[in-house]
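Q: what would the 3D arrangement of this be:
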Amino acid sequence: MDPLAGSPWSAPSTVAGFAQSPPNEVLVRFAEKERQRPGVVRALDLGCGAARNAVPLARLGWEVTGTDLSWPMLHAARQRAEREQCGDRVRLVLAPMDRIPAQDRSFDLLVAHGIWNLAQSSDEFRRALGEAARVARPGAGLFVFTFSRHTLPPDTPPVPGEPFVFTEFSGQPQCFLTERQLVAEMGAAGFVPDAAVPLTEYNRPRPGSLQKTGGPVIYEAAFRRDGRQ
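A: Numbering: from 1, shown residues only. This next block holds a predicted model:
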């Protein structure tokens with residue numbers, strides 16, 4: 001059964017859109033450099049969708065495991081991998097962000113592209129980060145693409161009892177962190193900022209302008225698994 005049946009994430013129109021989406025070029029450049037490190041070969045794409053990033057990583061020589069909770073997305077990902085002749089380097093698994101079916105210290109590169117912001121509570125968010133830390137090898141790179149708190153007006157209150165979960169954007173609980181919160185949460189899980197991709201914020205309204213509606217404000221950054229933990 002499809003855990004997301006009836007949701008927008010498994011709707012044919014959504015899947016078709018994701019199936020045609022280009023990769024994140026900043027991620028691709030980061031992954032290309034990471035691939036040059038000795039002995040580095042295994043990548044994990046959390047919430048891989050229709051493999052917009054997983055397939056380009058496989059074409060760089062990575063052995064990619066992609067996880068998602070939508071069967072239609074995973075089916076589209078398999079089709080894309082086969083079409084681009086890299087199906088032997090892409091393994092797809094139905095799994096949630098906070099229960100990764102992999103052994104400890106399994107991956108040299110992790111990708112969390114638009115997935116952790118979908119956590120519906122801070123507990124789920126932290127479990128997801130903890131799982132990522134568990135399966136990351138010491139020194140593994142991590143690419144993060146997630147929602148910024150600046151998506152919402154500053155006076156918007158979070159869900160009661162939650163530090164960074166809001167419902168105003170989509171009607172569903174989602175995570176919107178400040179830069180300080182994001183770095184702190186990553187640090188608590190054992191990931192430190194990596195200057196290869198400095199933390200950058202996209203789509204933030206300029207001071208004095210009306211609050212932007214529509215797309216979210218986004219953080220993009222690289223982190224690295226602390227080798228001492």
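Q: could you use CA atoms for every contact and neighbour count after this?
A: OK.
Q: neighbouring contacts of the strand ranked longest in the chain?
A: In terms of residue count, the longest strand belonging to the chain (DSSP state E) is strand 136-147. By CA atoms under 8 Å, 6 or more residues apart in numbering, the surrounding residues in contact with strand 136-147 are 27, 34, 104-117, 175-177, 216-229.
Q: next helix or strand past that strand?
A: Sequence order places strand 165-166 as the next helix or strand after strand 136-147, per DSSP states H and E.
Q: neighbouring strands for that next one, and are they parallel or not?
A: In the sheet, strand 165-166 lines up against strand 174-175 (antiparallel) (DSSP bridges).
Q: which residues does whichever helix or strand comes after the partner strand contact?
A: Using DSSP H and E, the helix or strand that follows strand 174-175 towards the C-terminus is helix 179-189. Here helix 179-189 makes contact (CA under 8 Å, 6+ apart) with 126, 129-130, 133, 148, 192-193.
Q: show me the strands in this protein, by range?
A: 42-46, 63-68, 90-94, 107-113, 136-147, 165-166, 174-175, 191-194, 200-202, 218-225.
Q: okay if I get those strands as a markdown table plus distance to Val183 and mean neighbour count?
A: Shown next, in a markdown table, are the strands of the chain (distance: least, CA to CA, whole Å; neighbours: other CA atoms under 10 Å):
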| stretch | distance to Val183 | mean neighbour count |
| --- | --- | --- |
| strand 42-46 | 19 | 26 |
| strand 63-68 | 24 | 24 |
| strand 90-94 | 29 | 19 |
| strand 107-113 | 15 | 24 |
| strand 136-147 | 11 | 24 |
| strand 165-166 | 16 | 24 |
| strand 174-175 | 14 | 25 |
| strand 191-194 | 8 | 20 |
| strand 200-202 | 12 | 14 |
| strand 218-225 | 9 | 24 |
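Q: nearest to Ala76, of these?
A: Proximity to Ala76 (CA to CA) singles out strand 90-94 among those, at 10.7 Å.
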